[in-house]
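Got a sequence here, can you model it:
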Amino acid sequence: MYIDTYIRLCYNVIVEKHRLMGFVPAIQKREVIILAISKAQQKAVHKYVKENYDRLNISVPKGQKAIIKVAAESKGESLNGYVVQAVDERMERDKE
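Presented below is the predicted three-dimensional model:
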């Protein structure tokens with residue numbers, strides 16, 4: 001796994017965990033410095049994600065992913081977090 005992907009994965013797991021607990025993440029910038037990532041750390045993250053998250057693949061029209069990503073970044077969120085929040089908000093509205 002590439003270091004950048006690993007950093008994003010860790011960041012997203014931390015932010016999502018705090019979001020689910022009702023906390024607003026205080027992290028505004030994703031400035032993370034990691035000197036070395038061991039195979040054991042990678043394995044632990046993979047295990048945690050596998051045990052605690054379901055995967056959902058969606059398809060959007062060409063070019064829409066870039067638009068959504070820009071919108072997410074403008075709010076300081078990851079693409080995944082932005083989409084999850086949008087789905088949560090829609091489900092909340094549909095309950096009413």
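
Going by C-alpha atoms from here, please, whenever you check contacts or count neighbours.
Will do.

After whichever strand or helix holds residue 48, heading C-terminal, what element do we hit next?
Using DSSP states H and E, residue 48 falls within helix 39-52. On the C-terminal side of helix 39-52, the nearest following helix or strand under DSSP H and E is helix 64-74.

which helices and strands does that following helix pack with?
When contacts are defined as 3 or more Cα pairs under 8 Å, 6 or more residues apart in numbering; DSSP states H and E, helix 64-74 packs onto helix 79-95.

if we can go back for a sec, CA atoms only for the helix holding residue 48, dumped as PDB, please.
Output in PDB follows, covering the C-alpha atoms of helix 39-52 (Å, rounded to 0.1, in the frame of the first residue of the first chain):
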ATOM      1  CA  LYS A  39       3.800  -4.200   7.700                       C
ATOM      2  CA  ALA A  40       2.300  -4.900  11.200                       C
ATOM      3  CA  GLN A  41       0.800  -1.400  11.200                       C
ATOM      4  CA  GLN A  42      -0.700  -1.800   7.700                       C
ATOM      5  CA  LYS A  43      -2.100  -5.200   8.700                       C
ATOM      6  CA  ALA A  44      -3.600  -3.800  11.800                       C
ATOM      7  CA  VAL A  45      -5.400  -1.000   9.900                       C
ATOM      8  CA  HIS A  46      -6.600  -3.500   7.300                       C
ATOM      9  CA  LYS A  47      -8.000  -5.700  10.000                       C
ATOM     10  CA  TYR A  48      -9.700  -2.800  11.800                       C
ATOM     11  CA  VAL A  49     -11.300  -1.500   8.600                       C
ATOM     12  CA  LYS A  50     -12.400  -5.100   7.600                       C
ATOM     13  CA  GLU A  51     -14.000  -5.600  11.000                       C
ATOM     14  CA  ASN A  52     -15.600  -2.200  11.400                       C
END
